[in-house]
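In: Below are the sequence and a predicted model for it; my questions follow.
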Amino acid sequence: MNNKQNNKITRRDDDFAKWYTDVVMASRLANYSNVKGCTVIEPNGFAIWEKMQCILDQKFKETGHTNVYMPLLIPESLLKKESELVKGFAPEVAWVTEGGDKKLDERLGIRPTSETVFSDYFASSISSYRDLPKLYNQWCSVLRWEKETRPFLRSREFLWQEGHTIHETKEEAENETLKMLNIYNNFFHEYLAIPSIVGKKTEKEKFAGAEYTYTVEALMYNGVALQSATTHYFGQKFSKAYDIKYANRENKLAYPYQTSWGISTRMIGALIMVHSDDYGLVLPPKIAPKKVVIIPIGETLEVLSLANDYLDKLTKAGIETYIDNSEKSPGFKFAEAEVNGIPVRIEIGKRDLDNGIVTLVRRDTREKREVFVSTDIANDVKILLEDIQRDMYDRALRRREEMTYTCTDLEEFKNIINSHPGFIKAMWCGDVKCEEKIKEIRGCKARCIPFNEEKVSDKCVVCGKEASNLVIWGIQY
RNA sequence: CGGGAAGUGGCUCAACUUGGUAGAGCACCUGGUUUGGGACCAGGUGGUUGCAGGUUCAAAUCCUGUCUUCCCGACCA
């Protein structure tokens, strides 16, 4: 095999962290800026984000949500009204203290999340049960002063979507958190081809200020877990802290119930760490901005006219396709299409053409297949894209299953985490002390209490007392 | 935020130890020949060495500070 191909990218099995950044750089998804933790998201990276936005935005709208935009700056007094949120985010808030050369009377926090601004807005805009529910979402960036940063996985500024809803009843709000969780989970499965586990966060791991948090957890290629999407039920915590009151159906003043939910550009990191390989990015077809590249080889009239014919047919079939007719050599174009994760490549050359065939190459397995020139190309490609999408999910699922262990003994738990990490299913008594004990093992944390709970033992894996829940544990990003 | 490593054209590195006008390969541009796994020939553009101070006749090189990146911890989507 030609090893020139691997010059730019560290092998995944040699150094996973290095491989990850190499893939980000080689496929030109993002680049560093002069400010720590603030990256330039390049066209290739942003196109993926736009694709995600497009799909999710439609799903949010189908479920009755509308987009709004809240201010970036939050006055300190407003930000500090809800004590748990303050405690959770205080170390991560960046402050604006001057405007021009004038020192501000009150400093302004740059939003790390927008519960406070939404709540303040709700307080002034809701007065009757007739005003409820409000189902809002905003696409924006937030800023959190992280100490250790990595492109997409942990940046200081990152793009996300935050949904904020407010309801008359507890039930309605609780249903909302489940509904959005399902949308996320489905998005992972259907589009990102990433198998996910849904469940509830433990008290220790829940969002600061939430009554409870649901989460979508995914496992990366190296066995490290990634919290990928969360939905939070706030109950009346924020409505009380921000004094959001409305006249209910009995004409009495009441506090409404709130939720929030979000997903971020971290998903791009997940796509890399679940699917990509030593040749670069591998994108599930449904999320790939460009699905097919046509590479003409030896650009004769015949070759070019077939390339254009295919481009036309594929485009008409709604499959995003482009022709690479740059002056690079074919080998260069193959490698570039691979590093960029284009799911399907069509090679059209005069040698094959003389035999009446063209070559189809799928990115995920790099398998080549010859088809007749006269084929129904749009149909062939459509089927191939579906195969790739399904196979990518199946492979990721198999890999996750291989890296998911069941454990009833703490020593065994330690051995697994230290030698070949992954998800560990183990029983837990519900005591934070046991959770903290687990954390001593390479920072391993409770990922979630899964919805489809099993019972692998009666006893807590740490203390041996009666267990209350099955917990999925893992090392996290 | 602690411990370690590193910053020199877009990229990978040399020159630093022993201060004396910044070099190479790749990439890029021009022309030509090519085209089935990162093509070849010829010519050319591009940096004053992360940034700020200091020492010196003279600093990429020595000193101080600072910023950024990477690795290991603590903290977090």
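Out: Noted; the coordinates are in hand. No experiment lies behind these values; they were computed from the predicted model shown.

In: tell me the domain boundaries of chain A?
Out: Per automatic domain parsing, the domain ranges recorded for chain A read A:3-71+A:119-275, A:292-385, A:404-474.

In: Out of these, which is closest to A:Leu78?
Out: Nearest to A:Leu78 among the domains of chain A is domain A:3-71+A:119-275 (5.7 Å), distances taken as Cβ to Cβ. Every C-beta, even on glycine, is put in place using the N, C-alpha and C of the backbone.

In: which residues of the stretch 51-200 of chain A fall in strands?
Out: For the stretch 51-200 of chain A, applying DSSP state E, counting those that start in this stretch gives strands covering A:66-67, A:73-75, A:94-99, A:102-110, A:134-143, A:157-167, A:197-200.

In: and RNA strand B, which of the ones you listed is closest to it?
Out: Relative to RNA strand B, the nearest member of those by Cβ to the nearest atom of the strand is strand A:157-167, separated by 3.9 Å.

In: Which elements pack onto the closest one?
Out: Identification of packing neighbours for strand A:157-167 by 3 or more Cβ pairs under 8 Å, 6 or more residues apart in numbering; DSSP states H and E yields helix A:43-62, helix A:115-125, strand A:134-143, helix A:170-187, strand A:257-264.

In: what's the closest of those to A:Gly199?
Out: When these are compared by Cβ to Cβ, helix A:170-187 sits nearest A:Gly199, at 9.5 Å.

In: how far off strand A:157-167 does that closest one point, in degrees?
Out: 140 degrees (axes from the mean of the first three to the mean of the last three Cα atoms, to 10 degrees).

In: mean confidence for helix A:170-187?
Out: What helix A:170-187 shows for mean pLDDT is 98.

In: Could you check the angle that helix makes with strand A:134-143?
Out: Interaxial angle, helix A:170-187 versus strand A:134-143 (the same axes, to 10 degrees): 50 degrees.

In: Return the set of buried residues in helix A:170-187.
Out: Residues of helix A:170-187 classed as buried: A:Glu172, A:Ala173, A:Glu174, A:Glu176, A:Thr177, A:Met180, A:Leu181, A:Asn182, A:Ile183, A:Tyr184, A:Asn185, A:Phe187 (neighbour count, 16 or more other Cβ atoms under 10 Å).

In: from what I can see the fourth one touches A:His167, true?
Out: Yes - A:Glu176 lies in contact with A:His167 (Cβ atoms under 8 Å); the separation is 6.7 Å.

In: Could you tell me which residues touch both of those two?
Out: Taking Cβ atoms under 8 Å, 6 or more residues apart in numbering as the criterion, A:Glu176 and A:His167 both touch A:Pro133, A:Thr259.

In: hmm, back to that, RNA strand B: which of the buried residues of helix A:170-187 is nearest?
Out: Closest to RNA strand B, out of all of the buried residues of helix A:170-187 and judged by Cβ to the nearest atom of the strand, is A:Tyr184, at 12.6 Å.

In: what's the helix or strand for the closest residue to that closest one other than its chain neighbours?
Out: Distances taken as Cβ to Cβ, 6 or more residues apart in numbering put A:Ala229 closest to A:Tyr184, at 4.0 Å, once the chain neighbours are dropped. Here A:Ala229 sits within strand A:225-235, counting by DSSP states H and E.
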